[in-house]
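S.K.: Below: sequence and its predicted model.
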Amino acid sequence: MTLRVYNTLTRQKETFVPVEAGQVKMYVCGVTPYNHPHIGNARPFLTWDVIKRYLEHSKFKVQHVQNFTDVDDKIINTANAEGVTWDVIANRYIAAYFEVMDKLNIRRADIYPTVSEHMPEIIEIVEKLVAKGYAYIVEGDVYYSIEKFDNYGKLSGRNTEDMQAGARVDVDERKNHPMDFALWKSAKPGEPAWDSPWGKGRPGWHIECSAMSLKYLGNSFDFHGGGSDLIFPHHENEIAQSEAFIEEDQPFVRYWLHNGFITVNEEKMSKSLGNFFL
């Protein structure tokens, strides 16, 4: 059977051709476990469950990786508010995630990596990006230089000359370009931190998924998915740092698939808007 998908990277429908015959490797961006999941959170995982079931029905062997972003500002803030450590919050809501998804009959991924378990892999990539000139160090922070990557903006269709600081990118006058993004952030009081060549700190958001997907799926794999709100900056930045790291002729990901959202009164269902249902 033929599968046709809309590839965000090429902005057209394409016939799916796997990187390896008979096998499909896919990575789906998972949740940040800082609160109970709502039905809007389930949308991407339901979408990928259907895709996975179809692929297996079509006799493909599927390797499915989905992460948990268990090191994040939202988790830290929740932990501080409750007077507990960050990992207590992360583990509590990872368990809550599985409880909800199991009730929805959404089948589990093969691997659920967490950020906290992959610091060596993250640091290795950041070190190599610095050594190759794609990243620079500022007072214990490490930033990726988007101007060093020729095809930056190819996923989202954005032009770097028109980009403005924002869209989940911190404004920092120490950056060479407003849209340069953090690969490593120096430690702050009261936050979890890990040792690194640049001092104690924790990884930036985007590098985490690159490290985990490359470890389990290799330098080039079939599908990378998530909500359409992840196209920029998250997935755009993943491409930039991953392809700079691997430097191969083949792309980091062959097909980028993005789902829409469950909406309430024409707005995305989200915890921040308070329009969600558990």
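M.R.: Everything's here; your move.
S.K.: Contacts only, for Leu155.
M.R.: Residues in contact with Leu155, defined by Cβ atoms under 8 Å, 6 or more residues apart in numbering, are Thr8, Leu9, Ile231, Phe232, His235, Glu236, Ile239, Trp256. For the C-beta atoms, the positions are set from N, CA and C on the backbone; glycine is no exception.
S.K.: Which of those sits closest to Tyr97?
M.R.: His235 (21.3 Å; Cβ to Cβ).
S.K.: From Arg158, how far out is Lys59?
M.R.: 39 Å (Cβ to Cβ, to the nearest Å).
S.K.: now swap in Phe232 and tell me
M.R.: From Phe232 over to Arg158 the distance is 6 Å, taken as Cβ to Cβ.
S.K.: Wasn't Val65 part of a helix?
M.R.: No - counting by DSSP: H, G, I helix; E, B strand; the rest coil, Val65 is not part of a helix but strand.
S.K.: Output the below-cut-off pLDDT ranges for the protein.
M.R.: Low-confidence segments of the chain (pLDDT under 70): 1, 162-171, 265-269, 271-278.
S.K.: So of the contacts of Leu155, which two are at opposite extremes in space?
M.R.: Using Cβ to Cβ, the contacts of Leu155 reach their maximum pairwise distance at Leu9 and Phe232, which is 12.5 Å.
S.K.: Could I get the full set of helices for the protein?
M.R.: For the chain, the helices defined by DSSP state H cover 39-57, 73-82, 86-103, 119-131, 205-217, 236-246.
S.K.: In a markdown table, list those along with distance to Glu191.
M.R.: Below are the helices of the chain laid out as a markdown table (distance: least, Cβ to Cβ, whole Å):
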| stretch | distance to Glu191 |
| --- | --- |
| helix 39-57 | 25 |
| helix 73-82 | 6 |
| helix 86-103 | 8 |
| helix 119-131 | 14 |
| helix 205-217 | 14 |
| helix 236-246 | 22 |
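S.K.: Of those, which is nearest Asp195?
M.R.: Closest approach to Asp195 among the helices of the chain (Cβ to Cβ): helix 119-131, 8.5 Å.
S.K.: Residues touching the closest one, excluding its own?
M.R.: Residues outside helix 119-131 that contact it (Cβ under 8 Å, 6+ apart): 115, 135-137, 142, 144, 183-184, 194, 196-197, 203, 207-208, 210-212, 214-215, 241, 244-245.
S.K.: Mind checking which of the residues you listed are buried?
M.R.: Listed as buried from the contacts of helix 119-131 are 115, 135-137, 142, 144, 183-184, 194, 196, 203, 207-208, 210-212, 214-215, 241, 244-245; burial here means 16 or more other Cβ atoms under 10 Å.
S.K.: re the thing from before, when Lys59 and Arg158 are compared, which one has more neighbours?
M.R.: Per other Cβ atoms under 10 Å, whichever of Lys59 and Arg158 has more neighbours is Arg158, with 17 against 8.
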